[in-house]
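In: I would like to see how this sequence folds:
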Amino acid sequence: MKKIEGLVVTLAVALGMSSFAQSNDSIENTTPAIEVNYGVDLMSRYIWRGQEYGQAPSIQPGLSASWQGFTLGAWGAYKLNGEGGQETDFYLSKTIGPVTIAVWDYWSFNDTAAMDFLDFKKESTTHLLEALVQISGGESIPFNFMGSYFFYGADATKSLYLELQYVNSFKSNELMAFVGYCPKGKYYSNREGIVNVGLQLKRNIEITDRWSLPVSMSLIYNPAVKSMYLVAGISL
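Out: Residues are numbered from 1 along each chain as shown. Purely as a prediction, here's the structure:
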């Protein structure tokens, strides 16, 4: 009888431990994991919202971590040759359905001058703090809308920027057509108006059965300064 009782107790303990382990596994499986992404773009020119920066090929690394719709990231743009302006940015965003809200800190610096990343003084900072909202139409509505506002930093005019994007796919290509408008401020232009019009094509070029190389080509025109750019890029 004692042997039977001992066996019953042993089985009960084993079942309890198994149930506890399964419960823990269930908790672990339902806990959202942090997703880390990183990559590098090589661009023939750094063109952003119709503005040209660096006048040289640019290497643009990016790193981000996402959790439950929040994303914390860093991004940079660095000239591959010559001296001049460089850029290191940080951002925090939250996506809720089709809407993404973000705060960006753009830090521009000259690699031939003294640098101070922690200089946030209104009179001397080279940081630009931006509030941004983007609404994505998804597959049913092939349009995105983005609005940006420089609320603090190097742009004393606190510029606004609005951009409408049309997105579509055909064959192996992804197409985006865009138009950007500045209704306020002088960061993008000396007067309000359209500052960024263009087309971008992206596709993956198959290198092997398991690896393909993402490439992009953009044709960009800035009516405010009457400049046209053809920009090529690859992503690693």
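In: What is the subsequent helix or strand relative to the helix or strand bottoming out on mean pLDDT in the chain?
Out: Of all helical and strand segments in the chain, the minimum by mean pLDDT, DSSP states H and E falls on helix 2-30, at a mean of 43. Downstream of helix 2-30, the first helix or strand assigned by DSSP states H and E is strand 35-43.
In: Flag every buried residue along that following strand.
Out: 41, 43 (16 or more other CB atoms under 10 Å). Quick note: C-beta positions are derived from backbone N, CA and C, even for glycine.
In: So what's the gap between the helix or strand following that strand and the chain middle?
Out: With elements assigned by DSSP H and E, the helix or strand that comes after strand 35-43 is strand 46-48. Its chain's C-alpha centre and that of strand 46-48 lie 14 Å apart, by CA atoms, centre = their mean, to the nearest Å.
In: Which elements pack onto strand 46-48?
Out: Where contact means 3 or more CB pairs under 8 Å, 6 or more residues apart in numbering; DSSP states H and E, strand 46-48 is packed against strand 51-53.
In: So for the strand it packs on, mean pLDDT?
Out: In this model, strand 51-53 has a mean pLDDT of 93.
In: quick one: contacts of that strand?
Out: 45, 46, 47, 77, 85, 87, 188, 195, 222, 227, 229 (CB atoms under 8 Å, 6 or more residues apart in numbering).
In: Could you give the bridge partners of residue 134?
Out: residue 100, residue 146 (DSSP bridges).
In: so who does it touch?
Out: 99, 100, 102, 144, 145, 146, 147.
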